[in-house]
Structure formats: structure tokens, C-alpha cells
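Visitor: sequence and computational prediction follow.
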Amino acid sequence: MDCSPKSIQSMHGEQKRYTSKLSSTTNPGNDGDGDDRDAKKSVSEEIFWAKQRALAAQMEANADAGLKQEQKEKFAKRRLALVSDTLYFSILIACLLWLASPNPFVTISYLFGALSGTAYSYGLGKFVETIGGSIDDTDAEGAGVGQARFAFLILLFVVVGKFRSQGLLEIPSIMGFFTYQLASLGQGLREIDD
């Protein structure tokens, strides 16, 4: 059932039409004719309940849209928290590596992998955001980043393989990439009050 304002206005028009039709068919001289009154009452009740159903459907659609928007905002906060936590852990571990390791390429390799992992976690969040949506959703902007999230991992391996001779190390780069797992663990352990 269409519950747009235009539909509701057309129902009002139908009610007026039925009412005028019934009043024209009613015999003014015969007050004892209950069939016309019953038909008029039946039509007006039918129109009343049609309006009520349209109003209920419209209210339900508005409530669903509001709830969907609220859930999207909550998820956007969590996605941003995941990316920022990934970046925070990456910088923290890179500082510790800079202090602990005599080879600066360990820290540089780790930072390169950590930046790739941060980009991957952003793409992962965008991908998860599109799950459950339909093809008709117009707010699926940025969904292409989510589909191409594995490109960051492939790019990491290509760059590390290319610049291995200049000192870039594989193991710290891969460890840096998987730093986003620490951030997702932190997100899972964090208590969220919704």
C-alpha cells in the first residue's frame, strides 16, 4: 500500500466521492431505509481503516529509516576507532623498535607494513559497511576501497620484494601489516555502551 501524502489525499477524495454517491442515492423521504445508512457506514469505516493502515506504514518506514541511520553512525564511529587504534599501535611499536633495534631498516620496514595494515583496516571497514545493503542503496560511497583492500597486502609484498636489496626487511613489514589485528582485539575487549 502506498502511504505517500498523494495517496492519502486520493483516499480523502475517494471518501468524498463515496459520501456524495451515497447521499445522492439515499431517499430523503424514506427515513426507515437502514441499508443506505449501513452502506455509508461501511464505506466510511473502510476508508478510515485504510487511512490508519497508511499512517501506520508511513510511521514504520520513518522509524526504520531513523534506526538504520543511527546504526550507520555507530558503525562509522567504531570503524574510525579501529583505524585510529591501528595507527596508534603502529606508532607505539615503531617507537619501541627504534629504541630497541640497532638496524634502522627494521623500524622503516615495520612502519611501511603498519601503514599498509592501516589502509587495509580502513578498506575492511568500508567493505563491512556495505554488507547488508541492497543494490538500490545510494549511500554506498567508498565501497570500491573495501573491495580493493587486498591490494594493500599485494602492494606490500611487491614493494618489499623490490627494495629488499636496499635494506627493506620482510618479517618486520609483515608484522607491521598485521598490527591491525591488535587494534581489532582492543576493539573486541573494549566495553561499548550503546
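Guide: That came through, no problem.

Visitor: low-confidence stretches in this structure?
Guide: For the chain, the stretches flagged by pLDDT under 70 are 1-34, 132-147, 194.

Visitor: at the geometric centre of it, which residue sits there?
Guide: Lys72 (4.1 Å; Cα atoms, centre = their mean).

Visitor: ok, and the closest non-adjacent residue to that residue?
Guide: What sits nearest to Lys72 in space, not counting adjacent residues and going by Cβ to Cβ, 6 or more residues apart in numbering, is Glu129, at 7.5 Å. Glycine gets a C-beta too; all of them are placed from N, C-alpha and C.

Visitor: in the helix or strand hosting that neighbour, what's buried?
Guide: Using DSSP states H and E, Glu129 sits in helix 104-130. By 16 or more other Cβ atoms under 10 Å, the buried positions in helix 104-130 come out as 106-127, 129-130.

Visitor: next one: stretch 56-67 to chain centre, how far?
Guide: 17 Å (Cα atoms, centre = their mean, to the nearest Å).

Visitor: which one's the longest helix in this structure?
Guide: Across the chain, the longest stretch assigned as helix under DSSP state H is helix 34-100.
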